[in-house]
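Peer 1: Got a predicted structure here, sequence first:
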There are 2 protein chains.
Amino acid sequence: MLAKELVAASTEPMILSLLSRGESYGYALIQEVKQLSGDKIEWTDGMLYPVLHRMEREGWIESRWGQAENGRKRKYYALKKDGKKALKEQREQWTTVTGVLKQLWREEYV
Amino acid sequence: MLAKELVAASTEPMILSLLSRGESYGYALIQEVKQLSGDKIEWTDGMLYPVLHRMEREGWIESRWGQAENGRKRKYYALKKDGKKALKEQREQWTTVTGVLKQLWREEYV
DNA sequence: TTGACATACATAGCTTTACAATGTATAGTG
DNA sequence: CACTATACATTGTAAAGCTATGTATGTCAA
């Protein structure tokens, strides 16, 4: 299981990145991340929905109620302009941090 | 300034990595990270020392009081066996997360 | 037809905890 | 001798993450 700090730090950029490919909904996001990570990252719905609500409050994403093929209702989220900006910033920050770690790990003292 | 979640997630692996190069002390760690990140990451001592203490409690690192060249006392930290193990684990976790982000970012929908 | 499981979203509230603020002390320097 | 840099330490509280819990519907096998 991943350290919770790492999950906390990566959730927003992952959501933003996933939505940059097109609109999606909570349950699907959970499964996409699980799949992309080879089952290593397993978000719970209880942690994801509050994050989505917060990001919507921030004006990064917007939601609409829609229908699945089977008639079941779903809340679809789409990236807004500020969300794109946030994604860009968060990506830069990740680049900074991974840059430092890469330097340290390249040395292979471990 | 970096998002605090990202700082939280990267502090421990950075400390562990820095100490894997040889023993060091708090103040020096702050400056090394600042330097490696091109001044982008600026740890405060108020956040670092508690982290060092916690990591020592975990048995990842050990400390000894030593003297600087000028006679001033310093607390030097060194990596312990469990610390190496922790570093390995955290590194794997980072690889997982950055792996997912890389996949998403490679697509360049942004 | 019913029970089990998957799908789908929501939130209250309780820990946990991060770290800002603050304190102490010494070395160097102009 | 005053100011800055070096060096370590701890408390207290404000914030927040997420567990636990709740609701509801679709699917499918037995």
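Peer 2: Yep, that arrived. Because the structure is a prediction, the values reported are computed rather than measured.

Peer 1: Just list the residues touching the nearest residue to A:Ala8 once chain neighbours are set aside, thanks.
Peer 2: Spatial nearest neighbour of A:Ala8, excluding adjacent residues (CB to CB, 6 or more residues apart in numbering or on different chains): B:Glu5 at 4.5 Å. C-beta here means a position set from N, CA and C on the backbone, and glycine is covered the same way. B:Glu5 makes contacts with A:5, A:8-9, A:12, as judged by CB atoms under 8 Å, 6 or more residues apart in numbering or on different chains.

Peer 1: For B:Glu5, what is the enclosing helix or strand?
Peer 2: Per DSSP states H and E, B:Glu5 falls inside helix B:4-20.

Peer 1: CA atoms of that helix as PDB?
Peer 2: What follows is helix B:4-20, C-alpha atoms only, in PDB (Å, rounded to 0.1, in the frame of the first residue of the first chain):
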ATOM      1  CA  LYS B   4       2.400  21.200   1.000                       C
ATOM      2  CA  GLU B   5       1.200  17.700   0.100                       C
ATOM      3  CA  LEU B   6       4.100  17.400  -2.300                       C
ATOM      4  CA  VAL B   7       6.500  18.600   0.300                       C
ATOM      5  CA  ALA B   8       5.100  16.200   2.800                       C
ATOM      6  CA  ALA B   9       5.400  13.300   0.400                       C
ATOM      7  CA  SER B  10       8.900  14.000  -0.600                       C
ATOM      8  CA  THR B  11      10.600  15.000   2.600                       C
ATOM      9  CA  GLU B  12      11.300  11.500   4.000                       C
ATOM     10  CA  PRO B  13      12.600  10.000   0.700                       C
ATOM     11  CA  MET B  14      14.800  13.100   0.300                       C
ATOM     12  CA  ILE B  15      16.300  12.800   3.800                       C
ATOM     13  CA  LEU B  16      16.800   9.100   3.400                       C
ATOM     14  CA  SER B  17      18.500   9.600   0.100                       C
ATOM     15  CA  LEU B  18      20.700  12.400   1.300                       C
ATOM     16  CA  LEU B  19      21.800  10.400   4.300                       C
ATOM     17  CA  SER B  20      22.500   7.400   2.000                       C
END
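
Peer 1: can you pull the buried residues of it?
Peer 2: In terms of neighbour count (16 or more other CB atoms under 10 Å in any protein chain shown), helix B:4-20 has its buried residues at B:5-20.

Peer 1: among the residues you listed, which are in reach of DNA strand D?
Peer 2: B:Glu5 (CB under 7 Å from any atom of the strand).

Peer 1: correct me, but A:Glu56 touches A:Glu62?
Peer 2: Yes - A:Glu56 is in contact with A:Glu62 according to CB atoms under 8 Å; the separation is 6.6 Å.

Peer 1: Check the contact lists of the two and give me the overlap.
Peer 2: Common contacts of A:Glu56 and A:Glu62 (CB under 8 Å, 6+ apart): A:Tyr77.

Peer 1: separation between the nearest residue to A:Ala68 once chain neighbours are set aside and B:Ile15?
Peer 2: With sequence-adjacent residues excluded and distances taken as CB to CB, 6+ apart, A:Ala68 is closest to A:Arg74, at 5.3 Å. Look at A:Arg74 and B:Ile15: by CB to CB, to the nearest Å, they are 43 Å apart.
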